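Participant: Below is the sequence, then the predicted model.
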Amino acid sequence: MKIAILPGDGIGAEIVAEAVKVLHALDLKFETESALVGGAAFDAHGHPLPDATLQLAKDADAVLFGAVGDWKYDTLDRPLRPEQAILGLRKNLGLFANFRPAICYAQLVDASSLKRELVSGLDILIIRELTGDIYFGQPRGRRVAVDGHFPGSEEAFDTMRYSRPEIERIAHVAFQAARKRHQRVTSVDKANVLETFQLWKDVVSEVGLQYPDVALDHMYVDNAAMQLVKAPKKFDVVVTGNMFGDILSDAAAMLTGSIGMLPSASLNDKNQGLYEPSHGSAPDIAGKGVANPLATILSAAMMLRFSLNQPEAAMRIEKAVDTVLTQGLRTPDIYSDGMTKVGTADMGAAVVKALASQA
Ligand code: IPM
Ligand code: MG
């Protein structure tokens, strides 16, 4: 098993380091190799996704990714910005299926900004299409900066598009995931306004006919945003496009208390995957040792389950995370009165210790 480690920018290095420690605490044989990505790669090599980094990711069984981005790169030409690294990895590896589970841990129910009864026991799965939609329409990366400014443009556009096969394959992923859960899929669209999402709705309905055991309903994205904060437990699997999935998954993250708890998996049709926390690079707290490493540690668990065929090891990590939360350990983002405030490295060490004491 070969794992490519791409820490990236901001808090990326700190949180990935803890996840790597946790992986090494398991009795598994695997190789790791690290490379620069994002702003860090731009600084060293002049490009956010150098060929060597892309090749390393392609050759690996799985990629463990931290986060990319920093305001200091905002004035770069778009193709050179850190975010293009993660978009390039998704596109080049064909990682079209993004799983973003939002689970509210019982221990963190009061860390959510929503009332306890709304989120207690919450377990929803957002499946976001990741290689199409307005993210990859025309034009891409046309903007050229001159002295840090973008001269001359009075108008800008991006193109939203989906093809039938792109929608079909993500719909299958959603229905199959629902079969392993509570047999319910909510497809989120904006078919009342956008042609792209009328096609989305039609194709998801067609695919749904092959899954008579799964209940399908359709929801407009604005309503879905409202329902997510009104009655989130009504959802089981939510499937949607790239743009809406980006937005809804951040909203869903907060239901669980903190986006610092949310792992994600991005898979291609060969089950090769990239695993990253759902949060960003948080440059404001980078280097302070206070970032929550649990989303990355839980992403490593997803990696073991989905790409490396080690479901037991995955479960051990998830159990260890549960243990440290029960022990009352909290990074600042999930801290509440009476708990023990810890930093990034202490949290990682506590997970390693919890692993060691598992029967
Ligand atoms: C995410 C992030 C990325 C996205 C950015 C960093 C390009 O917000 O993974 O949700 O928009 O997909
Ligand atoms: Mg996002």
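Facilitator: Done, it's in. Numbering: from 1, shown residues only. Ligands and ions are numbered 1, 2, ... in the order given.
Participant: residues from this protein in reach of ligand 1?
Facilitator: Residues of the chain lying close to ligand 1 by Cβ under 6 Å from any ligand atom are 69, 83, 86-87, 246. Where C-beta positions appear, they are placed from N, C-alpha and C, glycine not excepted.
Participant: These into a markdown table, with extra columns for neighbour count, distance to residue 154 and secondary structure?
Facilitator: Output for these, formatted as a markdown table (neighbours: other Cβ atoms under 10 Å; distance: Cβ to Cβ, whole Å; DSSP: H, G, I helix; E, B strand; the rest coil):
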| residue | neighbour count | distance to residue 154 | secondary structure |
| --- | --- | --- | --- |
| 69 | 23 | 27 | coil |
| 83 | 16 | 24 | helix |
| 86 | 24 | 30 | helix |
| 87 | 20 | 26 | helix |
| 246 | 17 | 27 | helix |
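Participant: quick check, nearest of these to residue 175?
Facilitator: residue 246 (21.9 Å; Cβ to Cβ).
Participant: The closest residue to that closest one other than its chain neighbours: what's it in contact with?
Facilitator: Of all residues not flanking residue 246 in the chain, residue 128 sits nearest, at 6.9 Å (Cβ to Cβ, 6 or more residues apart in numbering). The contact partners of residue 128, by Cβ atoms under 8 Å, 6 or more residues apart in numbering, come to 98, 100, 240-242, 244-246, 248-249.
Participant: Next up, phi/psi of residue 128, please.
Facilitator: For residue 128, the backbone dihedrals (degrees, to the nearest 10) come out as phi -110, psi 130.
Participant: what's the closest non-adjacent residue to the residue of the stretch 51-200 of the chain found nearest ligand 1?
Facilitator: Residue of the stretch 51-200 of the chain nearest ligand 1, by Cβ to the nearest ligand atom: residue 83 (3.9 Å). Nearest non-adjacent residue to residue 83, counting by Cβ to Cβ, 6+ apart: residue 69, 5.8 Å away.
Participant: Which pLDDT does the model give that neighbour?
Facilitator: In this prediction, residue 69 carries a pLDDT score of 95.
Participant: Looking at the contacts of residue 128, which is nearest ligand 1?
Facilitator: residue 246 (4.6 Å).
Participant: how's the chain carved up into domains?
Facilitator: Domain segmentation of the chain under automatic domain parsing yields 1-97+262-359, 113-256.
Participant: Among the contacts of residue 128, which are located in strands?
Facilitator: 98, 100, 240 (DSSP state E).
Participant: Would you mind listing the two of the contacts of residue 128 that lie farthest apart?
Facilitator: Across the contacts of residue 128, the longest distance by Cβ to Cβ is 13.5 Å; it joins 100 and 241.
Participant: These two - which one has more neighbours?
Facilitator: More crowded of residue 100 and residue 241, by other Cβ atoms under 10 Å: residue 241, with 28 against 23.
Participant: quick one: the more buried one and residue 133 touch, right?
Facilitator: Yes. At 4.5 Å, residue 241 counts as touching residue 133 under the criterion of Cβ atoms under 8 Å.
Participant: if I look at the two, which residues touch both of them?
Facilitator: Counting by Cβ under 8 Å, 6+ apart, the residues touching both residue 241 and residue 133 are 162, 196.
Participant: With pLDDT as added columns, please give the ones in strands among the contacts of residue 128 in JSON lines.
Facilitator: As requested, these are arranged in JSON lines below (pLDDT from 0 to 100):
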{"residue": "98", "pLDDT": "97"}
{"residue": "100", "pLDDT": "96"}
{"residue": "240", "pLDDT": "98"}
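Participant: and which of the residues you listed is nearest residue 328?
Facilitator: residue 100 (26.8 Å).
Participant: For that closest one, give the beta-bridge partners.
Facilitator: Under DSSP bridges, the beta-bridge partners of residue 100 are residue 126.
Participant: the helices in the stretch 51-200 of the chain, which residues?
Facilitator: For the stretch 51-200 of the chain, the helices defined by DSSP state H, counting those that start in this stretch cover 51-59, 83-92, 116-119, 164-179, 195-208.
Participant: residues in contact with the shortest one?
Facilitator: Contacts to helix 116-119, defined as Cβ under 8 Å, 6+ apart, come from residues 104, 109-110, 112, 231-233, 255-256.
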